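A.B. asks: Generate coordinates for the sequence data below:
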Amino acid sequence: MAKIIQIDFKRDRSQKKTASSRTVMLDFTQALAQVPGLIQKIWMINNENTSKAGGIYLFEDEASVFDYFNGPIFNRIISDPNFEEIVVKSFELNEKYSFLAEGSVTDLLRGLSGFKSNSFKTSESILFQ
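C.D. replies: Have a look, this model is predicted:
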């Protein structure tokens, strides 16, 4: 069953954006595109409170989430001093209502291995804090 991971953090915005920092973000984005089992990442930023940011990740299954958390990208995030107060939450994908809502995730759901009409799980777990 597909898994949704939400990662929130406070980041140091005191440093100015430079060509180097944009290159780091581009490299990070390209590395994410190579993560096995990662279907999509949605980037988040709170423009009212510019120190808060994060992402929503849609993974194929729990094994892919496990591999991501034990891999180099996540280890880079948690060891970077520019990211503070990291909170990771895990959710079951509510396939039925996501499918019925015809949102942008619908096409992704159609590509997953089978739509389960009895899928009503909405559990949340904090995995890292």
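A.B. asks: need the longest helix for the protein.
C.D. replies: The residue-count maximum for a helix in the chain (DSSP state H) belongs to helix 19-32.
A.B. asks: Please name every helix or strand in contact with it.
C.D. replies: Applying 3 or more CB pairs under 8 Å, 6 or more residues apart in numbering; DSSP states H and E, we find helix 19-32 packed against helix 72-79. Where you see a C-beta, it was placed from the backbone N, CA and C, and this is true even at glycine.
A.B. asks: Name the residues of the helix it packs on that come out as buried.
C.D. replies: Judged by neighbour count using 16 or more other CB atoms under 10 Å, the buried positions of helix 72-79 are 74, 77.
A.B. asks: the inter-axis angle of it versus helix 19-32?
C.D. replies: Using axes from the mean of the first three to the mean of the last three CA atoms, to 10 degrees, the inter-axis angle of helix 72-79 relative to helix 19-32 is 140 degrees.
A.B. asks: so Gly54 makes contact with Lys41?
C.D. replies: No - the criterion here is CB atoms under 8 Å, and Gly54 misses it with Lys41 at 10.4 Å.
A.B. asks: re the thing from before, tell me the buried residues in the longest helix of the chain?
C.D. replies: Quick answer for helix 19-32 (16+ other CB under 10 Å): Leu32.
A.B. asks: In CSV, list the C-alpha atoms belonging to that helix.
C.D. replies: This file holds the C-alpha atoms of helix 19-32, laid out as CSV (Å, rounded to 0.1, in the frame of the first residue of the first chain):
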residue,chain,number,x,y,z
ALA,A,19,24.3,30.3,-7.3
SER,A,20,26.0,27.7,-5.2
SER,A,21,22.9,27.1,-3.0
ARG,A,22,20.7,26.9,-6.1
THR,A,23,23.1,24.2,-7.5
VAL,A,24,22.8,22.3,-4.2
MET,A,25,19.0,22.3,-4.4
LEU,A,26,19.1,21.3,-8.1
ASP,A,27,21.4,18.4,-7.2
PHE,A,28,19.1,17.4,-4.3
THR,A,29,16.1,17.5,-6.6
GLN,A,30,17.8,15.3,-9.2
ALA,A,31,18.9,12.9,-6.5
LEU,A,32,15.3,12.6,-5.4
